[in-house]
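Give me coordinates for this.
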Amino acid sequence: MISAARAWDLRQPKTRDASAVRELVEATGTLEPNTCYAYLLLCTHFAETCLLAEREGKLVGFVLAYRPPSHPEAVFVWQIGVHQDARGQGLARQLLEDLLRQPGTRGVRFVEATVGSSNEASRRLFESFARALGVPCEVQPGFVSADFGPLAHEDEALYRIGPLVSGAVGYASGRQA
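As a prediction, this is how the structure comes out:
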């Protein structure tokens, strides 16, 4: 089951959460907002691989992820965000750890994400998460700016954490902690 940690409660999203997630994405100032429809799909179709963090009923963080059909041994982190009032308290790391404990990530061996070249906070998060798990964090070519067409967009490298080992965050072999 989803755990409570520190001063926040973690839970899977529901349809009603999509607009609040989008608002928090915009409030972070660093994440790229998607359409509300995209957040509706993530909060419904992919709820088993997403988590929200609330404090006193207010959304303070989230991780939105999914299992790519072409390589289901991975969970791909679409976005992870923390409200400025909750930063520096370990919430992003807690979201990633609890994500790996969810039934929707059972059997996952890798955590993947693309990270923009200017997003130092996300780079540090994924690198420190890999160190905490004691597994490699490979940085590979992901998307180059030309892949985004005429839109101005920076390159995004692919971060691949793993292979996850049994006992790391209490699962990896498919068992819950």
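
helix or strand right after the helix or strand bottoming out on mean pLDDT in the chain?
Ranking every helix and strand in the chain by mean pLDDT, DSSP states H and E puts strand 4-5 at the bottom, with a mean of 42. Using DSSP states H and E, the helix or strand that follows strand 4-5 towards the C-terminus is strand 8-11.

Name the residues of the helix or strand following that following strand that are buried.
Along the chain past strand 8-11, the next helix or strand (assigned with DSSP H and E) turns out to be helix 18-28. By 16 or more other CB atoms under 10 Å, the buried positions in helix 18-28 come out as 18, 20-22, 24-25, 28. Bear in mind the C-beta positions are built from the backbone N, C-alpha and C, glycine included.

Distance to residue 76 and pLDDT for these - can I get that in TSV?
Output for these, formatted as TSV (distance: CB to CB, whole Å; pLDDT from 0 to 100):
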residue	distance to residue 76	pLDDT
18	19	98
20	22	97
21	17	98
22	19	97
24	20	97
25	17	96
28	19	90
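
of those, closest to residue 164?
Checking these against residue 164 with CB to CB, the nearest one is residue 21 at 26.1 Å.

Am I right that that closest one is in contact with residue 62?
Yes: taking contacts as CB atoms under 8 Å, residue 21 lies within contact range of residue 62: 5.5 Å.

joint contacts of the two?
Counting by CB atoms under 8 Å, 6 or more residues apart in numbering, the shared contacts of residue 21 and residue 62 are 13, 52.

Residues in contact with the lengthiest helix in the chain: which ones?
The residue-count maximum for a helix in the chain (DSSP state H) belongs to helix 120-133. With contacts defined as CB under 8 Å, 6+ apart, helix 120-133 is touched by 30, 80, 92-93, 96, 111, 113, 115-116, 136-137, 159, 161, 164-165, 168-169.

Among the residues you listed, which are located in helices?
92-93, 96.

Now the residue of the chain most remote from its centre: which helix or strand?
Here the centre of the chain is the reference, and by CA atoms, centre = their mean the most remote residue is residue 150, at 27.1 Å. Using DSSP H and E, residue 150 sits within no helix or strand.

Model confidence for it, exactly?
Looking at residue 150, its pLDDT reads 86.

ok, now residue 118?
89.

If any of the ones in helices among the contacts of helix 120-133 are buried, give me the PyMOL selection for them.
Restricted to buried positions by 16+ other CB under 10 Å, the PyMOL selection for the ones in helices among the contacts of helix 120-133 reads:
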select buried, resi 92+96
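
Right, I'll leave it there.
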